[in-house]
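Participant: sequence unknown, structure follows:
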């Protein structure tokens, strides 16, 4: 591998795929990424991305050699500064005050990248049955959390803050450099451990399992995919030409992420063509399932043209298309599988963006005279119309939501959109389900609901029992950055599953996507349950107490001035959206407070502990920490009272020789054992 010769103290315009620095070679320079991005990948498999506005290779000045191969991921402009050791960095920053904050910010970003990589590797090891506690020992949790939070502060703010003190800058940089070295060593050790666990399988997370054809044959079947997909839809020649022309233009364009007007118009054409094809091809698959191989990848992953991906990515998609996951405790569907559930009548269509479901939509049309009463009854049973309703509402909305890049969104899959290997980014059903189960291990109430129970045969007219209801989880065929909670119940019944959408290929860690999604579930289900009283403090609930806390935090004597300032900042960060303000606290509750790291204030901790309590083992581990004990007191009292009520209810039936339904025992143990 050869590297480019950089012009020092000058701008270097570099093509995509250029190697700036080679792993293991002596450091001779670092530099500013003026435009573009650079992937740093070590021979051991550790990788991270540095983007526009940051300094690259600063941390390598402390070790004396480059920690990985630095390769541009797009056309990049790089300004190179000569330096071979940390002392020269200090001299440079002493003379160039405008770079001080950028240097600290860049080191914080590097640290955050290593933390993310370590978390990913730990998850891989755990999925292989490995014990990872040995790699977590010695972590400086407080310092790490501090710098992870610091990495979220805008670079302009850091430039202003650090401009006046070189000693402060070097203190931060030296401390972060030490932590980066520890994290780098830890990542390499975890990788070695993973290889010892399953030396062959782990590097290819899912087995190659093309059942109908071999992988090589499947690759051949993907030749001229665009034409095969369009032909399978049997569009008229004018429509075929329009879609093929638009996709070909997208293939040929140099900057597919551009937000210029011509690219916006091209994306609009591709989006329209994509959903036109999807609404036709889904029925080809539903009614036959022997569609051309490119169509299968189109429906599952948004694949449309083999020229937009490299061969390694294509092979991985082929393996994933044939992978099977049975008996998952939380149901996870691909988009075609979900539409099949609706087509075959096992599920009803989701609400639209105005909270109107399929039945209500037909009723409105009938009342307005758009359809007759007879047509309304016919359409209620029309499985074709139900699928189209789901595509035009839930699917189109959520595909864009979970993609998260509103200015550059297109629903088709292309390699420029994501960084790193597709294996690392692909979100399998098992990974998603496992992460949901891990969340429940912390937040045991998240899927538990108090629902109406009647049993005329046992003379039970009305009781409210506890029932675990796992959500329906749907994978959108798109690369994405976030998750979506689309509805908290199905229809109007409280004992029905919520619906969540996750991207099938994800830029962010699955645990963070899951935590965000189900934090929103807590909030929205409480609003649904409380109705008009959701923010009325006279009726105690998660939402009413949290709204009261947010509305009156300035007058709350339990909060210091510093805490009030933090709440104000949190409100601004969430753009005054009450659910999103709560979500910030919920994420800290799950990620940090469950591990004894105190991030919340006294008031918010008490609300979370009452309505989103940790499972018993975690509470036991926190019982020596007085702030947590105080916060958990309300939930303990509430559950204790409920357990006594159910114990008496059960004993009354037993004493009268009346049968006790299993639902009563389940509810009693829920309160008594937790």
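Facilitator: Yep, it's here. Quantities reported herein were computed from a predicted structural model and do not represent experimental measurements.
Participant: going forward, measure contacts and count neighbours with C-alpha atoms only.
Facilitator: Fine.
Participant: So for the chain, the centremost residue is which one?
Facilitator: The residue lying closest to the centre of the chain (C-alpha atoms, centre = their mean) is residue 513, at 2.6 Å.
Participant: ok, it - contacts?
Facilitator: 482, 483, 502 (C-alpha atoms under 8 Å, 6 or more residues apart in numbering).
Participant: from memory the first one sits against residue 502, does it?
Facilitator: Spelled out, that is residue 482. Yes: if you go by C-alpha atoms under 8 Å, residue 482 and residue 502 touch, sitting 7.1 Å apart.
Participant: so what's residue 583 closest to, chain neighbours aside?
Facilitator: Once flanking residues are discounted, residue 583 sits nearest to residue 519: 5.8 Å by C-alpha to C-alpha, 6 or more residues apart in numbering.
Participant: Please apply the same query to residue 480.
Facilitator: Among residues not flanking residue 480 along the chain, residue 403 sits closest, at 3.7 Å (C-alpha to C-alpha, 6+ apart).
Participant: cool, and residue 601?
Facilitator: That would be residue 563: by C-alpha to C-alpha, 6+ apart, it lies 7.0 Å from residue 601.
Participant: Surely that neighbour forms part of a strand?
Facilitator: No: Residue 563 is assigned helix when assessed by DSSP: H, G, I helix; E, B strand; the rest coil, not a strand.
Participant: Beyond the helix or strand of the chain with the lowest mean pLDDT, next helix or strand please.
Facilitator: Sorted by mean pLDDT, DSSP states H and E, the helices and strands of the chain end with helix 133-136, the least confident at a mean of 74. Sequence-wise, the next helix or strand downstream of helix 133-136 (DSSP states H and E) is helix 141-150.
Participant: for the longest helix along the chain, packing partners?
Facilitator: Under DSSP state H, the helix in the chain containing the largest number of residues is helix 166-197. Applying 3 or more C-alpha pairs under 8 Å, 6 or more residues apart in numbering; DSSP states H and E, we find helix 166-197 packed against helix 86-95, helix 100-127.
Participant: ok, back up a step: could you grab the helix/strand/coil label for the residue nearest to the centre of the chain?
Facilitator: Put simply, residue 513 is helix when judged by three-state DSSP.
Participant: change the start of the numbering to 15 and stick with it
Facilitator: I'll keep to 15 as the first residue from here, and by that count the last item is residue 527.
Participant: From residue 521, how far off is it?
Facilitator: 10 Å (C-alpha to C-alpha, to the nearest Å).
Participant: Same question for residue 400.
Facilitator: 32 Å.
Participant: Then residue 632?
Facilitator: Residue 632 is 30 Å from residue 521, by C-alpha to C-alpha.
Participant: Check residue 269 too.
Facilitator: Residue 269 sits 20 Å away from residue 521, going by C-alpha to C-alpha.
Participant: more neighbours, these two?
Facilitator: The neighbour comparison of residue 269 against residue 521 (other C-alpha atoms under 10 Å) goes to residue 521, with 20 against 14.
Participant: Next up, the contacts around that one.
Facilitator: Contacts for residue 521 were tallied using C-alpha under 8 Å, 6+ apart; they are 432, 439, 493, 494, 495.
Participant: now, which of those residues lie within helices?
Facilitator: residue 439.
Participant: Which of the contacts of residue 521 has the largest number of neighbours?
Facilitator: Counting neighbours by other C-alpha under 10 Å, residue 493 comes out on top of those with 32 neighbours.
Participant: so who does that residue touch?
Facilitator: Contacts of residue 493 (C-alpha under 8 Å, 6+ apart): 417, 427, 431, 432, 517, 518, 519, 520, 521.
Participant: still on that earlier bit, of the helices and strands packed on helix 180-211, which stretch is the most buried?
Facilitator: helix 114-141 (a mean of 22; mean count of other C-alpha atoms under 10 Å).
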